[in-house]
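Trainee: Take this sequence and fold it.
(one chain, ligands or ions: 3)
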Amino acid sequence: AKEGGKRRHAVFTPAMRDSIVRRHGLKEELARAIEQRELMVQYQPIVDIETGKTVSVEALVRWNHASRGRIPPVEFIPLAEDTGLIVPLGRYVLEEAVQSVVERSDTLLVQVNLSAIELEHPDLIPTIQDVLRRSGIAPERLVLEVTETLLVKDAERGAETLQQLRDLGVQLALDDFGTGYSSLSYLRNLPLDTLKIAREFVEGLAFSDHDAAFVRLIVGLAKTVGLKVVAEGIETRAQLDMLREIGCDLGQGYYFAAPMDVDADWHAAPASAAL
Ligand code: C2E
Ligand code: CA
Ligand code: CA
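Mentor: Ligands and ions are numbered 1, 2, ... in the order given. So this is what the prediction gives:
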C-alpha cells in the first residue's frame, strides 16, 4: 500500500502529457487567434422576469479554432490569463461588444466579463475610457462583471480599482455570487450595482428547499441594500416560476435564450412566449 501511494505521486500518464502538449499548443495559437480574429463574441440576453423583455446582453467570447474546432472559454481563458493574452483578448471583446450594442440599440445594456488579471493591469482605466469615448455609449450602459477572485490577492487595491471604474460611470456586477469566497463584507464595501446569483443555486431551486432558501436570502439581501439581482442559468419553467415568486427581477439562461451571434435577434427570448 505504501509503494502504491508513492507511485501515485510519481506517475506521469500519457493523458497528462497530452494535456500539457495541448495546453502548450493552444497558448501559442491563442496569440495568433487574437491577431487573426479567430475569436468572436456571442451575446446572451438578460431578461426582465416580469415583462419578458431583454434589458441587457452578456458578451461571451468564442474561439472557433481552424483545425481543433470550438474550444470552450473555460479551457482557453485560464491560458489567456497565464500568458497575459487576456489583456488584448479582453480589449477585443470589450470593443466588439460595445460597438455591436451601440449599433443595434439605444437602450440595451451590455455586460462584459473582466478577469482579475485585467483588473490589475494599469491600462484598464485608460482602455475603458477610450472605448467609452470612441463608441459614444452612455457609460451606465456598460456593465463590467467581476468575480470575488479579484479580491484574493489584494482586496484593498481591488476595491480601489472598482471605485475608479465606478467613477467613470460604468456599472459593476458581481458574477457567480454565492460560490467561491463570497463574503458579506464585499457587499458592504464594494461599489456594486448588481449581483448575479450563480447557476449552482438556480439549478436546485425547483426541487431543493435548501437551494431555494439561499436564493430567497440572496434576493432579499440584494434588494435590502439596493442592488439589482440576476439569476443565472435558468433552464426550466419551474425555476422561472420560483424566481418570480421569490421576487427576483432579472434572469438569464437557456430557457430564455442561449448565447447568440451578433446578427441574431436578441429580443427573441423564445421560451418566454409562455410567460
Ligand atoms: P460566466 O461569466 O458565468 O458566463 C455564463 C456561462 O454560462 C456561459 O458559458 C454561458 O454560455 C453559460 N450559460 C448561460 N445560460 C446557461 C444555462 O441556462 N445553463 C447552463 N448550463 N449554462 C448556461 P461560457 O460562454 O462557456 O463561458 C464560461 C465562462 O468563461 C464565463 O462564465 C466566464 O467566466 C468566462 N468568459 C467567457 N467569455 C469571457 C470573456 O470575454 N472574458 C473573460 N474574462 N471571461 C469570459
Ligand atoms: Ca459573467
Ligand atoms: Ca456567471
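
Trainee: what does the protein have sitting close to ligand 2?
Mentor: Counting by CB under 5 Å from the ion, the chain comes close to ligand 2 at 113, 145, 175. Where C-beta positions appear, they are placed from N, C-alpha and C, glycine not excepted.

Trainee: Hmm, Val110 and the second one touching each other?
Mentor: Looking back up the chat, that one is Glu145. No - contact criterion CB atoms under 8 Å: Glu145 and Val110 do not qualify, at 10.6 Å.

Trainee: Skip the chain neighbours and tell me the closest residue to Ile137.
Mentor: Excluding its sequence neighbours, the residue lying closest to Ile137 (CB to CB, 6 or more residues apart in numbering) is Val102, at 5.1 Å.

Trainee: picking that back up, how about CSV for the residues of the chain next to ligand 2, with secondary structure added?
Mentor: Putting the residues of the chain next to ligand 2 into CSV (DSSP: H, G, I helix; E, B strand; the rest coil) gives the following:
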residue, secondary structure
Asn113, strand
Glu145, strand
Asp175, strand
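
Trainee: which one of those has the most neighbours?
Mentor: Using other CB atoms under 10 Å as the neighbour criterion, Asp175 leads those with 23 neighbours.

Trainee: could you measure Gly220 against Glu35, distance?
Mentor: Applying CB to CB, to the nearest Å, the value for Gly220 to Glu35 is 47 Å.

Trainee: Give me every residue in the stretch 51-200 of the chain lying close to ligand 3.
Mentor: 175-176.

Trainee: for the stretch 51-200 of the chain, what spans make up the helices?
Mentor: For the stretch 51-200 of the chain, the helices defined by DSSP state H, counting those that start in this stretch cover 73-83, 86-104, 116-120, 124-135, 155-167, 184-189, 199-204.

Trainee: which one of the ones you listed has the lowest average pLDDT?
Mentor: Mean pLDDT is lowest for helix 184-189 among these, at a mean of 82.

Trainee: low-scoring stretches of the stretch 151-275 of the chain, by residue?
Mentor: 268-275 (pLDDT under 70).

Trainee: hey, where'd the strands end up in it?
Mentor: Ranges of strands in the stretch 151-275 of the chain, per DSSP state E, counting those that start in this stretch, are 171-177, 194-197, 228-231, 250-251.

Trainee: Show me what counts as buried in the second one.
Mentor: I take that to be strand 194-197. Across strand 194-197, burial judged by 16 or more other CB atoms under 10 Å covers 194-197.

Trainee: which residues sit in contact with the residue lying closest to Thr149 once chain neighbours are set aside?
Mentor: Closest residue in space to Thr149, ignoring its immediate chain neighbours: Ala116 at 5.0 Å, by CB to CB, 6+ apart. By CB atoms under 8 Å, 6 or more residues apart in numbering, the contact set of Ala116 is 81, 146-147, 149-150, 152-153, 158.

Trainee: now swap in Asp82 and tell me
Mentor: Contacts of Asp82 (CB under 8 Å, 6+ apart): Lys27.

Trainee: Then Gly136?
Mentor: Applying CB under 8 Å, 6+ apart, the residues near Gly136 are Val102.

Trainee: Next one: the residue in the stretch 1-150 of the chain positioned nearest to ligand 3 relative to Lys196, how far apart?
Mentor: Proximity of the stretch 1-150 of the chain to ligand 3 (CB to the ion) peaks at Glu145, 7.1 Å away. According to CB to CB, Glu145 stands 7 Å off from Lys196.

Trainee: where do the contact lists of these two overlap?
Mentor: Common neighbours of Glu145 and Lys196 (CB under 8 Å, 6+ apart) are 173-175.

Trainee: ok, these vs ligand 2, which is closest?
Mentor: Among the shared contacts of Glu145 and Lys196, and counting by CB to the ion, the member closest to ligand 2 is Asp175, at 4.3 Å.

Trainee: Kindly state the pLDDT recorded for Arg23?
Mentor: Per-residue pLDDT puts Arg23 at 85.

Trainee: returning to that earlier point: quick one, which of the helices of the stretch 51-200 of the chain is nearest to Tyr254?
Mentor: Proximity to Tyr254 (CB to CB) singles out helix 199-204 among those, at 10.4 Å.

Trainee: Contacts for the closest one next, please.
Mentor: Contacts for helix 199-204 (CB under 8 Å, 6+ apart): 176, 178-179, 210-212, 214-215, 218, 231-235, 239, 243, 253.

Trainee: Show the buried residues in the residues you listed.
Mentor: Of these, these count as buried by 16+ other CB under 10 Å: 176, 178, 211-212, 214-215, 218, 231-235, 239, 243, 253.
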